[in-house]
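**Q** Quick one: sequence plus predicted model below, questions after.
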Amino acid sequence: METLISIITVFILLTAFMLILQNRIHNMINIFIGQSILLAAATFLTALKTNELGLYISAILTIILKAIFIPYLLRYLVDKLNIRHTVATIKYPFLLLIGAASLVLFCYHLIIPANNTIAIAMAIMLLGMLLLITHCKAISHTIGFMSMENGIFLATPLATHGMPMAVELGIAFDVLIAAVLFGVFFFQLRSSIDSLDVDRLNMLREDIE
Amino acid sequence: MIAFYLLLLLPLFGTLLMLIVGGSKISGYFNILIATINFIASIFVVHYFLQHGAFTAIGQQFYIDAFNLLIIVLTTFTAMTTAFFSNTYMWHNITIKRINHKQLLLYHLMYQLFTLMVLLALTTNNLGILWVAMEGATLATVLLVSMYRTKEAIEAAWKYFILCIVGIALALFGTILVYFSATNALPQADTRILWSILVQHANNFDPAIIKIAFIFILVGYGTKIGLVPLHNWLPDAYTESPAPVTVLLSGILSNVSLYALIRFKILVDHALNNNLTGNLIIGFGLLSFMVGAVFLQRQRKMKRLFSYSSIEHMGLIAIAFGLGEQTAIFIGLFYILMHSLAKSAAFMIVGNIIQQTGTQTLEKISGLIKSQPKLGWGLIIATLAIAAIPPFGIFTSELMLFIAGVNFSPFLAIILIIGLIMALAGLLRNIQPVVYGEPTNITRTSICITPAFLHLGLVLILGVYIPPTLQQLLQKAVELLTK
């Protein structure tokens, strides 16, 4: 059981890498679904091992929210805004990969004396952040943020056997609202800068004279 | 005790009520009514606290002590005065067709939801719920920032949204690490997340993990406070959002984020027994203070000017908490009160000015003191209060902070004095031409300036005299926050 969970966490880390180097929005959503299913599987296996009711519920929540609802919402928005075929350019894929790998090493170096899985969770979270920084499409930002959340959600079952139920529900609810707000923003951005390329948001900056 | 439940139930009720009546003229009055009763309820909670001391409620899920009580009273007070101010302000926006009734509904709904979330964050004993409420408060204000739907407003709201949710996600990871580090010390899962329990067992936590946890929490909640270099969203969001929303963000939300950070600081201090947290916070605070003081020199927009002054003041408050000895903590708490009152007054006055002149560009406005004396005087008084001119309360806090800084290190004192003079000069130089000189054309509209003067009056009075009840609360909070 323990090994199986470890293998799954490694696969989640792999999906985080795949997300960073992916430039098609459609594929990104698919990889994200895969990541969420793996996360739910890891949570479910931990639940079997420890027999905690909260973890079962957490696994179900992950499936409903991250593997079904959010991807559905994203696909709906992609169709609605007609950006299905847009390709995001990744400027230096090789450098990016090295950066991502060194982030993982850094996390290991930092956390390994304490706990293996926390290190992986932290790596996934930071990789999600890297995705946010390097991509310029608003929709990639959504996926980056949700991938960050996946990393955090991985830490709860594996390292702490779940937070109290009220907290888990609260966090899930906040993630849900955030996803909806992302959707609202896509329309607002579209109407204001006629694109979802957030690099074009450059009206507000400090003039250095 | 009933008052305590009311504190949370009223905004909840208000949120539901706004779904029904929101968008109409009457909803503004309901907003005022609920906020006012809420303030009165918080006074009763203070009364209860003074008789019984710190207490928990609903199976230890809620915890009230002197520290959060101070900020609760400040929050409900500011929420009340802002409700008065925003009623006039938002209704004027409806009459000039800047927003429609749907947006007014959104505004009032989110106003109540925001109050609920902030009060939940302040009263909860559960660190997980604290995070949920902080995120909730952020999400509630995001759509308010983009309310005017201009390009700038949408850009500002997007920045605010993405930076704050990413930042606060890091704080969640930090919270989980704290939870994890307590595994050995506290085997019971359901009490391991409660602050009042954690703080008693903090010396048994895993020090290596909790150090990393604090870094994440500092970066996470620091983003919401607007500490440099995590402040990028702050000037934009403050400048582009409607004035009442700016008041909510600067007068309430930044304090609550600071509150969350300090709660964790206490915990980590107990666990580590060294000055790591204090030094980190001083570092961030000092940087914010200096950047704020430099950047407010060359601003063209009025609200942007004051938002950099917010960064500067939040930096100073952070330094006070970072210093960590008794007087410094006292100053920090007192400074939070003073800054919050003065800054929200300033933003209310600026909001009125924007409605009268139709612009917030500094160069386009002058001679307010002749054309609209109330606003002109209000602006100059608010600026003097913020620039720490005696006898206002901010002067008292900065003077005491300076003395505490000298004790800590003369180097810190030198930076403080240079920064303070720069900030004073920057504010006065930018505001002076707006108030004096030849008056520009303005359109006279209904203004709501009384709440702002009430705030400024309080800053003035508290600067020279602290009432015994407040003194008692502050003392108790100081005892709580010093090791």
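**A** Done, it's in.
**Q** drop to CA atoms for contacts and neighbour counts, all remaining ones
**A** Fine.
**Q** Next secondary structure after the helix or strand where residue B:430 lies?
**A** Using DSSP states H and E, residue B:430 sits within helix B:410-435. For helix B:410-435, the following helix or strand on the C-terminal side (DSSP H and E) is helix B:450-464.
**Q** one step back: centre of the chain to the helix holding residue B:430, how far?
**A** Taking CA atoms, centre = their mean, to the nearest Å, one finds the center of helix B:410-435 at 21 Å from the center of the full chain.
**Q** Stretch A:86-102 now?
**A** 17 Å.
**Q** Any buried residues in whatever helix or strand residue B:378 lives in, and which?
**A** For residue B:378, the host element (DSSP H and E) is helix B:373-386. The neighbour-count check on helix B:373-386 (16 or more other CA atoms under 10 Å in any protein chain shown) flags B:375-386 as buried.
**Q** got the residues of the stretch 101-250 of chain B near chain A?
**A** B:128-129, B:132, B:135-136, B:139, B:149-152, B:154-156, B:158, B:166, B:169, B:172-173, B:176, B:179-180, B:183, B:189-190, B:209, B:236 (CA under 8 Å from any CA of the partner chain).
**Q** give me that answer again for 6 Å
**A** Taking CA under 6 Å from any CA of the partner chain as the contact definition, the stretch 101-250 of chain B meets chain A at B:128-129, B:132, B:151, B:155, B:173, B:180, B:190.
**Q** Adding secondary structure, pLDDT and neighbour count as columns, could you present these in JSON lines?
**A** As requested, those are exported to JSON lines (DSSP: H, G, I helix; E, B strand; the rest coil; pLDDT from 0 to 100; neighbours: other CA atoms under 10 Å in any protein chain shown):
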{"residue": "B:128", "secondary structure": "helix", "pLDDT": "93", "neighbour count": "25"}
{"residue": "B:129", "secondary structure": "helix", "pLDDT": "95", "neighbour count": "25"}
{"residue": "B:132", "secondary structure": "helix", "pLDDT": "96", "neighbour count": "27"}
{"residue": "B:151", "secondary structure": "helix", "pLDDT": "89", "neighbour count": "20"}
{"residue": "B:155", "secondary structure": "helix", "pLDDT": "92", "neighbour count": "29"}
{"residue": "B:173", "secondary structure": "helix", "pLDDT": "94", "neighbour count": "26"}
{"residue": "B:180", "secondary structure": "helix", "pLDDT": "88", "neighbour count": "27"}
{"residue": "B:190", "secondary structure": "coil", "pLDDT": "77", "neighbour count": "12"}
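**Q** Out of those residues, which comes closest to residue A:146?
**A** Nearest to residue A:146 among those is residue B:173, at 13.7 Å by CA to CA.
**Q** Regarding the nearest residue to the closest one once chain neighbours are set aside, what are the backbone dihedral angles?
**A** In space, and not counting its chain neighbours, residue B:173 is closest to residue A:152: 5.9 Å by CA to CA, 6 or more residues apart in numbering or on different chains. Backbone torsions of residue A:152, given as degrees, to the nearest 10, read phi -60, psi -40.
**Q** Distance of residue A:152 relative to residue A:12?
**A** 12 Å (CA to CA, to the nearest Å).
**Q** Just want to know which of these two has more residues nearby.
**A** residue A:12 (28 against 25; other CA atoms under 10 Å in any protein chain shown).
**Q** Could you tell me which residues within whichever strand or helix holds the more buried one count as buried?
**A** Per DSSP H and E, residue A:12 falls inside helix A:2-21. Going by neighbour count (16+ other CA under 10 Å), the buried part of helix A:2-21 is A:5-6, A:8-13, A:15-21.
**Q** What is that helix packed up against?
**A** Judged by 3 or more CA pairs under 6 Å, 6 or more residues apart in numbering or on different chains; DSSP states H and E, the packing partners of helix A:2-21 are helix A:25-50.
**Q** got the angle for whatever helix or strand comes next after the helix it packs on vs helix A:25-50?
**A** Sequence-wise, the next helix or strand downstream of helix A:25-50 (DSSP H and E) is helix A:53-62. Helix A:53-62 runs at 170 degrees relative to helix A:25-50, counting by axes from the mean of the first three to the mean of the last three CA atoms, to 10 degrees.
**Q** how about the CA coordinates for helix A:53-62, as CSV?
**A** Output in CSV follows, covering the C-alpha atoms of helix A:53-62 (Å, rounded to 0.1, in the frame of the first residue of the first chain):
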residue,chain,number,x,y,z
LEU,A,53,-14.0,8.9,7.2
GLY,A,54,-12.8,12.4,6.4
LEU,A,55,-10.4,11.2,3.9
TYR,A,56,-13.0,9.3,1.9
ILE,A,57,-15.1,12.4,1.7
SER,A,58,-12.0,14.4,0.7
ALA,A,59,-11.3,11.9,-2.1
ILE,A,60,-14.9,12.2,-3.4
LEU,A,61,-14.7,16.0,-3.2
THR,A,62,-11.5,16.0,-5.2
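**Q** then the next helix or strand after that helix to PDB, C-alphas only?
**A** Counting by DSSP H and E, the next helix or strand C-terminal to helix A:53-62 is helix A:70-80. Output of helix A:70-80 as PDB, limited to C-alpha atoms (Å, rounded to 0.1, in the frame of the first residue of the first chain):
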ATOM      1  CA  ILE A  70     -13.500  22.600 -12.900                       C
ATOM      2  CA  PRO A  71     -12.400  20.900 -16.100                       C
ATOM      3  CA  TYR A  72     -16.000  21.100 -17.300                       C
ATOM      4  CA  LEU A  73     -16.100  24.800 -16.500                       C
ATOM      5  CA  LEU A  74     -12.800  25.400 -18.300                       C
ATOM      6  CA  ARG A  75     -13.900  23.500 -21.400                       C
ATOM      7  CA  TYR A  76     -17.100  25.400 -21.400                       C
ATOM      8  CA  LEU A  77     -15.200  28.700 -21.200                       C
ATOM      9  CA  VAL A  78     -12.700  27.600 -23.900                       C
ATOM     10  CA  ASP A  79     -15.600  26.900 -26.300                       C
ATOM     11  CA  LYS A  80     -17.500  29.900 -25.400                       C
END
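**Q** picking that back up, need the residues that contact the helix holding residue A:12.
**A** Helix A:2-21 has contacts (CA atoms under 6 Å, 6 or more residues apart in numbering or on different chains) with A:28, A:35, A:42, A:124, A:131.
**Q** So which of those residues is surrounded by the most neighbours?
**A** residue A:124 (31 neighbours).
**Q** Name the nearest residue to that residue, ignoring sequence neighbours.
**A** Residue A:124's closest residue in space is residue A:151 (CA to CA, 6+ apart), at 4.9 Å.
**Q** List the contacts of that neighbour.
**A** A:121, A:124-125.
**Q** follow-up on the earlier one: for the helix holding residue A:12, what is the distance to the chain centroid?
**A** With CA atoms, centre = their mean as the basis, helix A:2-21 stands 12 Å off its chain's centre.
**Q** Could you double-check that residue B:153 sits in contact with residue B:143?
**A** No: the criterion here is CA atoms under 6 Å, and residue B:153 misses it with residue B:143 at 10.0 Å.
**Q** Can you give me the distance of residue A:149 to residue A:169?
**A** 14 Å.
**Q** Who has more neighbours out of the two?
**A** residue A:149 (25 against 17).
**Q** The more buried one: which element?
**A** Using DSSP H and E, residue A:149 falls in helix A:138-160.
**Q** low-confidence ranges in the chain?
**A** Using chain A here. A:112-114, A:207-209 (pLDDT under 70).
**Q** try again with chain B
**A** In chain B, residues with pLDDT under 70: B:483.
**Q** quick one, strands of it?
**A** B:55-57, B:62-64 (DSSP state E).
**Q** Of all those, which one comes closest to chain A?
**A** strand B:62-64 (13.4 Å; CA to the nearest CA).
**Q** Point out the residues in chain A that sit beside chain B.
**A** A:152, A:160, A:164, A:167, A:170-171, A:192, A:201.
**Q** Between those, which sits nearest residue B:96?
**A** residue A:192 (21.8 Å).
**Q** Now for the residue sitting nearest the centre point of chain A: which residues touch it?
**A** Taking CA atoms, centre = their mean, the centroid of chain A lies closest to residue A:147, which sits 0.5 Å from it. Neighbouring residues of residue A:147 by CA under 6 Å, 6+ apart: residue A:128.
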